[in-house]
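J.: After the sequence you'll find the predicted model.
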Amino acid sequence: MQSRVRIWVVNALVLALYIVLSIGPASFNLASGAIQFRLSESLNHLVVFNRKYIIGVVLGVVVFNALFSPLGWIDVVFGGGQSLIGLSLVAWLAPKLPKLWQRLSLNVVVMSLTMFLIAIEIIWTGHLDFSTLFWPTYGSLVLSEALIMAISAPIMVLVDRAVNFNKQI
């Protein structure tokens, strides 16, 4: 029982941290749209250290999108769905890789490539021409996600050395 409570408390803290780290970029209009620089996306790396963090990260995306996204529930579904699919795939594949850098690299690639769901959402909700705007929109999303994820990977390794993410949950 105490272990389950700890998992939920830690994930609630991750959820809150996700929202706090998203508010800064949101104030500069960089948390939604075709270019997204959410610092909170660095928390996706937590799943590499322990898959139990999926709950907090996905709920962080869902709550932030519900409260702050201009697209509301549509962004809850697409953003939450993209995070759930990507992080579940990482949680399933990462244990098969022996080195931490390989797991972090996998996370960067998977989370960047699954941004196709966000590209579809932007094209659909903006009533834009899919045939001409999907690839540029998807490309900018992949690039911005990959950049944040790649920059934050070594930072998360350093933070892990100090707090040991696996022991916290």
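T.: In hand now; what should we look at? Since the model is a prediction, treat every value here as computed from it, not as a measurement.
J.: switch to C-alpha atoms for all contacts and neighbour counts from now on
T.: Will do.
J.: where along this structure do the helices fall?
T.: Under the criterion DSSP state H, the chain contains helices at 2-27, 46-49, 54-68, 73-93, 100-113, 116-125, 130-163, 165-168.
J.: Please identify which of the ones you listed is closest to residue 39.
T.: Evaluated over those, closeness to residue 39 peaks at helix 2-27, with 5.6 Å, by CA to CA.
J.: What residues sit buried inside the closest one?
T.: Neighbour-count burial for helix 2-27 flags 7-8, 10-12, 14-19, 21-26 (criterion: 16 or more other CA atoms under 10 Å).
J.: do stretch 63-70 as well
T.: 63, 64, 65, 66, 68, 69.
J.: List the residues that contact the closest residue to residue 39 other than its chain neighbours.
T.: Leaving aside its chain neighbours, residue 39 sits nearest to residue 21 (5.6 Å; criterion: CA to CA, 6 or more residues apart in numbering). Neighbouring residues of residue 21 by CA atoms under 8 Å, 6 or more residues apart in numbering: 38, 39, 40.
J.: how about residue 129, phi and psi?
T.: phi -80, psi 110 (degrees, to the nearest 10).
J.: neighbours of residue 77, just the number please.
T.: When neighbours are counted by other CA atoms under 10 Å, residue 77 registers 16.
J.: Skipping adjacent residues, who's closest to residue 156 in space?
T.: That would be residue 45: by CA to CA, 6+ apart, it lies 7.1 Å from residue 156.
J.: ok so, going back, can I get the contacts of residue 21 in JSON lines including pLDDT?
T.: JSON lines is the format used below for the contacts of residue 21 (pLDDT from 0 to 100):
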{"residue": "38", "pLDDT": "82"}
{"residue": "39", "pLDDT": "89"}
{"residue": "40", "pLDDT": "94"}
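J.: which one among the residues you listed gets closest to residue 93?
T.: residue 40 (22.2 Å).
J.: Point out where the chain drops to low pLDDT.
T.: Within the chain, the ranges that satisfy pLDDT under 70 run 1, 26-35.
J.: Let's see that with 80 instead.
T.: 1-2, 25-37 (pLDDT under 80).
J.: which residues sit against stretch 53-72?
T.: With CA under 8 Å, 6+ apart as the criterion, stretch 53-72 contacts 10-19, 22, 32, 43-44, 46-47, 73, 75-77, 79-80, 83-84, 87-88, 125, 169.
J.: before we move on, back to that, from the helices of the chain, which stretch is densest packed?
T.: helix 46-49 (a mean of 24; mean count of other CA atoms under 10 Å).
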